[in-house]
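Participant: Sequence plus the predicted model coming up.
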Amino acid sequence: MFNFFTKLFLLFISAIAMITATSFAESYKDKLDNAELLFSCSVPPLKIEIYKPKGNDPADIAAILLGEDYSESYAPAVLQVEGTGVCRYNIWTFDYKGKMSVKDQGCYGEILPPDNSVGELYIYGSDDYSQWFFCYE
């Protein structure tokens with residue numbers, strides 16, 4: 001009897017979590033209707049677009065598009081500005097299957113970015129397994 005109620009409870013909690021995740025994505029998708037596109041970064045098959053919602057919403061929104069059919073996910077994106085003057089750049093950090101960031105072009109010293117790149121994509125892992133890529137429009 002205990003196992004039945006435990007399984008029923010876990011099923012109930014799972015259903016609530018799925019409904020919450022769906023409504024979370026829908027609420028962000030609704031905010032994108034009048035939002036301003038701030039930055040777009042593509043490293044196929046991944047495309048990330050950062051939007052600034054209209055109104056008093058303090059958080060930017062990361063729209064994550066994956067694959068040929070471009071399945072969509074949404075996440076709040078936290079903006080961090082670094083550098084000064086012409087070397088100033090923006091970093092938006094968000095959580096999509098782990099911590100990720102996109103960064104627009106700033107100044108480069110040792111590594112020159114490709115001419116057609118618009119920024120960088122960082123995929124955070126454990127200390128030895130983080131990766132970064134130049135991204136394109």
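Facilitator: Right, received. Where do you want to start?
Participant: And the strands in the protein?
Facilitator: 36-43, 46-52, 60-66, 71-82, 89-95, 99-104, 117-123, 131-136 (DSSP state E).
Participant: Not counting its own residues, what contacts the second one?
Facilitator: Which is strand 46-52. Strand 46-52 is contacted from outside by 31-32, 35-42, 60-66, 70, 77, 92, 100, 102, 121, 135, using CB atoms under 8 Å, 6 or more residues apart in numbering. C-betas here are computed from N, CA, C, even on glycine.
Participant: Name only those of the residues you listed that count as buried.
Facilitator: Those of these that meet the buried threshold are 31-32, 35, 38-41, 60-66, 77, 92, 100, 102, 121, 135, by 16 or more other CB atoms under 10 Å.
Participant: low-scoring stretches of this structure, by residue?
Facilitator: 1-26, 70 (pLDDT under 70).
Participant: center of the protein, which residue is that?
Facilitator: By CA atoms, centre = their mean, the mean C-alpha position of the chain lies nearest to A62, the distance being 4.1 Å.
Participant: can you pull the contacts of P113?
Facilitator: Contacts of P113 (CB under 8 Å, 6+ apart): Q105, E120, F134.
Participant: swap that for C107, sorry
Facilitator: G83, V86, C87.
Participant: try 10 Å this time
Facilitator: Under the criterion of CB atoms under 10 Å, 6 or more residues apart in numbering, the contact list for C107 reads G83, T84, G85, V86, C87, R88, Y89.
Participant: Equivalent analysis for L37, please.
Facilitator: So L37 contacts E49, I50, Y51, K52, A63 (CB under 10 Å, 6+ apart).
Participant: Can you say which of the residues you listed are buried?
Facilitator: For the contacts of L37, buried by 16+ other CB under 10 Å: E49, I50, Y51, K52, A63.
Participant: gap between the fourth one and N34?
Facilitator: Okay, so that is K52. 10 Å (CB to CB, to the nearest Å).
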